[in-house]
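**Student:** Provided below for reference: sequence and predicted model.
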Amino acid sequence: FGSRILSEVASEDKNERSLAAAMDTTMTSVEILTTTVGSLPRPPWMVPYLRGEKELPADWEETLHLETVKVMKEQLNVGLHVINDGELARGDYVSEARKRMAGFDAESLAPGAADLEESTDFSDKFEGRKGLLTLTKKTEVKAAACSGPITYLDEGLQDLKKEINRVIKAAKELGHPLERVFFTSPSPGTLATFFGNEYFKGENGYEDFVSALGKAMAVEYKTIQEAGLILQLDCPDLGMGRHTKHMDKTLEEFKKVAKHHVQVLNEAVSSLDTSKLRMHMCWGNYPGPHDKDVPLKEIANIVLEAKPELLSIEACNPGHAHEHEVWGKKNINVPEKKTFLPGVIDTTSSHVEHPELVKQRLRQYVDALRLAKSKRERENGADSADPAKKKMRCKPYVPIMACTDCGFGTAAGANNLSRDLVFKKIGSMCQGAKLLEEELKAEAGNDKLKPDDNSLGA
């Protein structure tokens, strides 16, 4: 899963075949799947309903179905392989999950962001804007807070199943396989990052809060996967959490927090098929300089401890585009079964990336992950010079999917880009992935003609 690698080797007469026949019959093709992080801009007319500013019309469920089919079809038409409903019916990507649980009747202040608190000339222009974060101290933003024991409600489960069934119904109507449909849900640590805690007290109060969230959310995670969908766990807590909720901690203190978040996440998905689990890690796509983001190299090994085998990661904006090289470093331990979904288009910029740039960004990840593979083989005692082993590794090693940097509409109506630009950018991403497919296919074909080297990417 992630990149499907299909190899066909056939020859009726190996001793007499021509060069052209050799090229034709030993060709290796690589399919780089394309996807998004999840949220897309909602149709403007829907926003007041999603925000609770208007009463839902009588035909709301029917309308939601039609809009779900429409947005999924749009994704397929532009070239995406693995799709969702764009989080169409959600006000934002965390509040819906919180509303499905009991124990959140208190209120607290939404966390701020260290970069915005330092750059007040910039952040003051967000006066009056409310969301999941406090963007300026000039505007107080409230967030729900834990007030008692956390449990996943029966009515919450029914609400979740209704959302799942809507997505499944639309996918089936389009003839799109469920193994290529994903469904997002916030990690326990992400919920703890955005929402306050007035109930769990004492020295380990925060850890107990996160653990309780994990036990409750395990119900949601299991329900999503059992429905046949790919579960994506949204984990900005592992990046953005450093300069928001935990900005006053030292780096080492934050790493301890992040490790606990991963531990709780792993416990919550312990019974699930990890090959069908995605996670998205980022530093937040709110408007800001992001010069307080924790470097990837500081948290990479912690992130890699998480059980999901597919890792979506912010990878192309000005603060993190250079970090592809981190995965190939000697001190970073990339597991064999990880598939990476690097963000190769920026969800906050109106510039439409050229397909060649997308190809270059994807290629950088392939090269870094091939270095990680070589490191694993050396540590495992594999002899890459052994000709017999080279022949066994003749398939290109391309453990990636093309993905967006983050969501395009993390909250209803809070869009950085118009819907038309969003799909232009996604279309360019899909074209760039095709360009890399062709490049890798040509390399594989040339490599197979070299009698002394059958280990492309080893």
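**Tutor:** Noted; the coordinates are in hand.

**Student:** next, the buried residues of whichever strand or helix holds Arg361.
**Tutor:** Taking DSSP states H and E as the definition, Arg361 sits inside helix 355-379. Residues 355, 357-359, 361-366, 368-375, 377 are the ones in helix 355-379 that count as buried (16 or more other C-beta atoms under 10 Å). To be clear about C-beta, it is placed using only N, CA and C from the backbone, and glycine gets the same treatment.

**Student:** tell me which residues in stretch 209-229 are buried?
**Tutor:** Buried residues in stretch 209-229, counting neighbours by 16+ other C-beta under 10 Å, are found at 209-214, 216-221, 223-225, 227, 229.

**Student:** in helices, which of these appear?
**Tutor:** Within these, residues falling in helices by DSSP state H are 209-214, 216-221, 223-225.

**Student:** Gly91: which of the residues you listed is nearest?
**Tutor:** Glu220 (16.9 Å; C-beta to C-beta).

**Student:** was I right to think that closest one contacts Arg100?
**Tutor:** Yes: using C-beta atoms under 8 Å, Glu220 is in contact with Arg100, at 7.0 Å.

**Student:** now do the SS call for the residue nearest to Asn285 when sequence neighbours are not counted.
**Tutor:** In this structure, Asn285 finds its nearest non-sequential neighbour in Cys406, 4.0 Å apart by C-beta to C-beta, 6 or more residues apart in numbering. Put simply, Cys406 is coil when judged by DSSP: H, G, I helix; E, B strand; the rest coil.

**Student:** quick one: Cys406 from Trp283, how far?
**Tutor:** 9 Å (C-beta to C-beta, to the nearest Å).

**Student:** what do you get for Pro396?
**Tutor:** Pro396 is 31 Å from Trp283, where distance means C-beta to C-beta.

**Student:** those two: which is more packed in?
**Tutor:** Shown here are Pro396 and Trp283; by other C-beta atoms under 10 Å, Trp283 has more neighbours (28 against 21).

**Student:** touching, the more buried one and His290? I think so.
**Tutor:** Yes: using C-beta under 8 Å, Trp283 is in contact with His290, at 6.1 Å.

**Student:** next structured bit after the worst-scoring helix or strand of the chain on mean pLDDT?
**Tutor:** When the helices and strands of the chain are scored by mean pLDDT, DSSP states H and E, helix 19-25 comes last with a mean of 34. As assigned by DSSP H and E, the chain's next helix or strand after helix 19-25 is strand 28-32.

**Student:** in this protein, which spans are strands?
**Tutor:** All strands of the chain, identified by DSSP state E, fall at 3-7, 28-32, 101-102, 106-109, 142-146, 151-152, 182-186, 196-197, 230-234, 277-281, 310-313, 339-342.

**Student:** need those in JSON lines (columns: mean neighbour count and mean pLDDT).
**Tutor:** Below are the strands of the chain laid out as JSON lines (neighbours: other C-beta atoms under 10 Å; pLDDT from 0 to 100):
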{"stretch": "strand 3-7", "mean neighbour count": "15", "mean pLDDT": "38"}
{"stretch": "strand 28-32", "mean neighbour count": "20", "mean pLDDT": "82"}
{"stretch": "strand 101-102", "mean neighbour count": "18", "mean pLDDT": "97"}
{"stretch": "strand 106-109", "mean neighbour count": "14", "mean pLDDT": "94"}
{"stretch": "strand 142-146", "mean neighbour count": "19", "mean pLDDT": "94"}
{"stretch": "strand 151-152", "mean neighbour count": "16", "mean pLDDT": "98"}
{"stretch": "strand 182-186", "mean neighbour count": "24", "mean pLDDT": "98"}
{"stretch": "strand 196-197", "mean neighbour count": "21", "mean pLDDT": "96"}
{"stretch": "strand 230-234", "mean neighbour count": "25", "mean pLDDT": "98"}
{"stretch": "strand 277-281", "mean neighbour count": "26", "mean pLDDT": "98"}
{"stretch": "strand 310-313", "mean neighbour count": "28", "mean pLDDT": "98"}
{"stretch": "strand 339-342", "mean neighbour count": "25", "mean pLDDT": "98"}
